[in-house]
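Trainee: Below: sequence and its predicted model.
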Amino acid sequence: MAKPLVKVAGLSRYFDVSAPWLNRVLDGQPRLMLRAVDGIDFEINKGETLALVGESGCGKSTVARLVVGLYRPSTGSIVFDGVDMAGLGGRAEMAPIRRRLQMIFQDPYASLNPRWRVSAIVSEPIRAFNLIKDEAAIVARVGQLLRQVGLSPVDGEKYPHEFSGGQRQRISIARALSSQPEFLVCDEPTSALDVSVQAQILNLMKDLQRQLGLTYLFISHNLAVVRHIADRVGVMYLGRLAEIGPKSTVFSLPRHPYTRMLLDTIPDLDMTGRQRTPVAGEVPNPINPPSGCAFHPRCPFANDRCRSERPEPKLNDTGSITACHAVEEGRLPAGPLTAAA
Amino acid sequence: MAIWRNFTDLVRRFLASDVYYSFKRSPTVVVAFALTMLFMVSAAFAPWIVPHNTYEVATLNLMDAFLPPAWVQGGKLTYLLGTDDQGRDVFSTIILGARVSLLVGFASVALALTMGVALGLIAGYVGGVTDSVIMRVADVKLSFPAILIVLLIDGVARGILPRDVHDKAAVYVIVLAIGLSTWIQYARTVRGLTLVEKNKEYVQAARVIGLHPMLIMFRHVLPNVMGPVLVIGTLGLGIAVLTESTLSFLGVGVPPTEPSLGTLIRIGNNFLFSGEWWMAIFPGLFLVILVLSVNLLGDWLRDALNPKLR
């Protein structure tokens, strides 16, 4: 297998959510750390799409922000094309890497500066990285980018408020593409859009991937969207990866009890009228995560080992990687929890 | 070319905007705007439009002192609002005084706005210790009344500067004093807005590119927090003019050789009980109308820019 474009190892990010120092001293409270991301590993090969799914609050977006460098990791490394990003200090050192990775955001109404013309928004990365110096060439490039995402070059004259949500997301994509990146991090790029528009944006992203050889890290909570766009899927739970593997394996042969539970919630024509297992319980508080396997309070198969020992990710015979004692020990029933393959 | 296109576009957008619509709808605001513009234009071109150059000693005639307004028995038509104890035309001194008052008002608002916006942006965007230091200074400042700080700065300036230097520098001292005592409002407003804006995704997008924080602050955040700042600035102009007049009235403002509205009222005050009422009343009336117009404008602007009140 080729060398992965992005390799994340032991990545963690803790947020200090403790009360201000004075209150802490007066009330005798300890420091509180929120473990948003708690030791995850994955690799993304060139040209493929890795989707991270999970319930809200499981740390998906934090992973996205860590990978593009908006947050610094607490521990672990993010290696982009052989360069460890945590080891890069200054802005100048980061610039060559930053040009090659870009981000698409969730809310198309907040991700474009309302006071800027579209052409200024789209050309900002070009100017920031000083990619094209000639003003006429920048205008031409912006026009080409807008056409590439299905807008008209004339739209560059307008302001963001003149566009609909889907069009704004296209502008976001044009901005992200303007520095000719190889790797795009997409943080729920379609969750704020109508279903019909979602499909358009997803198809646009797939087309662009094919044309430009892009690599995507795709964050979503929508399993249907993930099924449409992903090559590989990682299921996150409370800052950890429960299961990661090729899309077909994760969707048809899910191993981890949490993955099975999630897949059981997808509505399906075959299942009409059938009794389904609802997703029981709530995601625990990441400030004080459960001991051992983070999923054990909700897992029907949890035993003493699950409560005390944190499971390590292990490769299955199906090609997916699962962090689960029960899977490892082979004590999971293959029956009712499995979604229809 | 591009600038012109931007300008015409701006005008077109303004004429179609809700702000212009609500402006047209309110006669009060139109009148306030017209008055403010009249005062500003007359103050700006004061030396060319005043009927008498009242500070050219050679043109003064002591025989014309204490003349009442033109429509009162004994008044002369050339001295529309009467004359003062030196034979100076009150109408002309008001216009020349308004020039100084408005100059001090604009300059101190500009100073306070620049300082407050810059500090507020940095405090809000950088956060942490920087934020705490700036905002604690602002809090301490806020616990003193503005006029006290102005008196303090003015007093110190008086103490350390020789008298003739101080008279020349008096206007700048006042501008500095008013500016330093009013920047907090801008800083607090801008900091609050910056805290909201900096978490929006367009700022994150700029950070992903690796843009310098200063560029992000001034190119991205600043244009999006300026609306409320302009409103405070308009209201602040009225307050600054009043503060300057208060100081001049108390005798610690601009020197009598460079009269402001406050100085005129103070001088007129001496003659109020001996029957020469016009010397205090007209500058006072002018000051009231000026500040009222400016405040009405600011008040309207605040409502017009607030989408929840549309």
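Mentor: Arrived safely, thanks for sending.
Trainee: and A:Gly10, what is it in contact with?
Mentor: By C-beta atoms under 8 Å, 6 or more residues apart in numbering or on different chains, the contact list for A:Gly10 reads A:39-41, A:75-77. For every residue, glycine as well, the C-beta is placed using N, CA and C.
Trainee: Show me how to select, in PyMOL, the buried members of those.
Mentor: PyMOL command restricting these to the buried ones, with burial defined by 16 or more other C-beta atoms under 10 Å in any protein chain shown:
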select buried, chain A and resi 39+40+41+76
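Trainee: can you put the contacts of A:Gly10 in a markdown table and add secondary structure and distance to chain B?
Mentor: Below are these laid out as a markdown table (DSSP: H, G, I helix; E, B strand; the rest coil; distance: C-beta to the nearest C-beta, whole Å):
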| residue | secondary structure | distance to chain B |
| --- | --- | --- |
| A:Gly39 | strand | 24 |
| A:Ile40 | strand | 21 |
| A:Asp41 | strand | 23 |
| A:Thr75 | strand | 22 |
| A:Gly76 | strand | 20 |
| A:Ser77 | strand | 19 |
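Trainee: Please enumerate the helices of chain B.
Mentor: For chain B, the helices defined by DSSP state H cover B:2-15, B:18-25, B:27-44, B:46-49, B:90-126, B:128-142, B:146-160, B:163-197, B:201-209, B:213-215, B:222-250, B:261-270, B:278-305.
Trainee: The stretch 101-250 of chain A now?
Mentor: In the stretch 101-250 of chain A, the helices defined using DSSP state H, counting those that start in this stretch lie at A:118-128, A:135-148, A:165-177, A:195-212, A:223-229, A:247-252.
Trainee: okay, the angle between the first one and helix A:165-177?
Mentor: For helix A:118-128 and helix A:165-177, the angle between their directions (axes from the mean of the first three to the mean of the last three C-alpha atoms, to 10 degrees) works out to 20 degrees.
Trainee: What are the buried residues along the lowest-mean-pLDDT helix or strand in chain B?
Mentor: Lowest by mean pLDDT, DSSP states H and E among the helices and strands of chain B is helix B:2-15, with a mean of 77. Judged by neighbour count using 16+ other C-beta under 10 Å, helix B:2-15 contains no buried positions.
Trainee: Could the C-alpha coordinates of stretch B:6-25 be exported in CSV?
Mentor: What follows is stretch B:6-25, C-alpha atoms only, in CSV (Å, rounded to 0.1, in the frame of the first residue of the first chain):
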residue,chain,number,x,y,z
ASN,B,6,-17.4,50.8,-5.4
PHE,B,7,-18.7,54.2,-4.6
THR,B,8,-21.7,54.2,-7.0
ASP,B,9,-22.5,50.7,-5.8
LEU,B,10,-22.4,51.9,-2.2
VAL,B,11,-24.8,54.8,-2.9
ARG,B,12,-27.1,52.4,-4.8
ARG,B,13,-27.1,50.0,-1.9
PHE,B,14,-27.6,52.8,0.6
LEU,B,15,-30.6,54.2,-1.3
ALA,B,16,-32.2,50.8,-1.3
SER,B,17,-31.4,50.0,2.3
ASP,B,18,-33.7,49.8,5.3
VAL,B,19,-31.6,52.5,7.0
TYR,B,20,-32.4,55.1,4.3
TYR,B,21,-36.0,54.0,4.3
SER,B,22,-36.4,54.6,8.1
PHE,B,23,-34.5,57.9,7.6
LYS,B,24,-37.0,59.2,5.1
ARG,B,25,-39.9,58.0,7.3
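Trainee: how about the closest residue to A:Gln144 other than its chain neighbours, what does it touch?
Mentor: Nearest residue to A:Gln144 in three dimensions, chain neighbours excluded: A:Pro153, at 7.8 Å (C-beta to C-beta, 6 or more residues apart in numbering or on different chains). Going by C-beta under 8 Å, 6+ apart, A:Pro153 touches A:142-144, A:146-147.
Trainee: Likewise for B:Trp183?
Mentor: B:111-113, B:115-116, B:119.
Trainee: Adding distance to A:Asp264, pLDDT and neighbour count, write these out as a markdown table.
Mentor: As requested, the contacts of B:Trp183 are arranged in a markdown table below (distance: C-beta to C-beta, whole Å; pLDDT from 0 to 100; neighbours: other C-beta atoms under 10 Å in any protein chain shown):
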| residue | distance to A:Asp264 | pLDDT | neighbour count |
| --- | --- | --- | --- |
| B:Leu111 | 65 | 95 | 19 |
| B:Ala112 | 62 | 95 | 25 |
| B:Leu113 | 59 | 95 | 22 |
| B:Met115 | 60 | 95 | 17 |
| B:Gly116 | 57 | 95 | 26 |
| B:Leu119 | 55 | 95 | 22 |
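Trainee: Get me the contact residues on chain A for chain B.
Mentor: A:65, A:68-70, A:91, A:94-95, A:98, A:101-103, A:105-107, A:110-115, A:124-125, A:128-129, A:172, A:175, A:179 (C-beta under 8 Å from any C-beta of the partner chain).
Trainee: Among those residues, which are located in strands?
Mentor: The strands, defined by DSSP state E, take in A:101-103 from the residues of chain A next to chain B.
Trainee: If you rank those residues by neighbours, which is first?
Mentor: Most neighbours among those, by other C-beta atoms under 10 Å in any protein chain shown: A:Met103, with 28 neighbours.
Trainee: surely that residue meets A:Gly69?
Mentor: No: the criterion here is C-beta atoms under 8 Å, and A:Met103 misses it with A:Gly69 at 9.6 Å.
Trainee: before we move on, the earlier item: in ChimeraX, how would I select the buried members of the residues of chain A next to chain B?
Mentor: In ChimeraX, this line selects whichever of the residues of chain A next to chain B come out buried by 16+ other C-beta under 10 Å:
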select /A:65,68,69,70,98,101,102,103,105,106,107,110,111,112,113,124,125,128,129,172,175,179
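Trainee: Which residues of the stretch 151-300 of chain B lie near chain A?
Mentor: B:200-202, B:204-212, B:220, B:223-224.
Trainee: go with 7 Å
Mentor: B:200-202, B:204-205, B:207-212, B:220, B:223-224 (C-beta under 7 Å from any C-beta of the partner chain).
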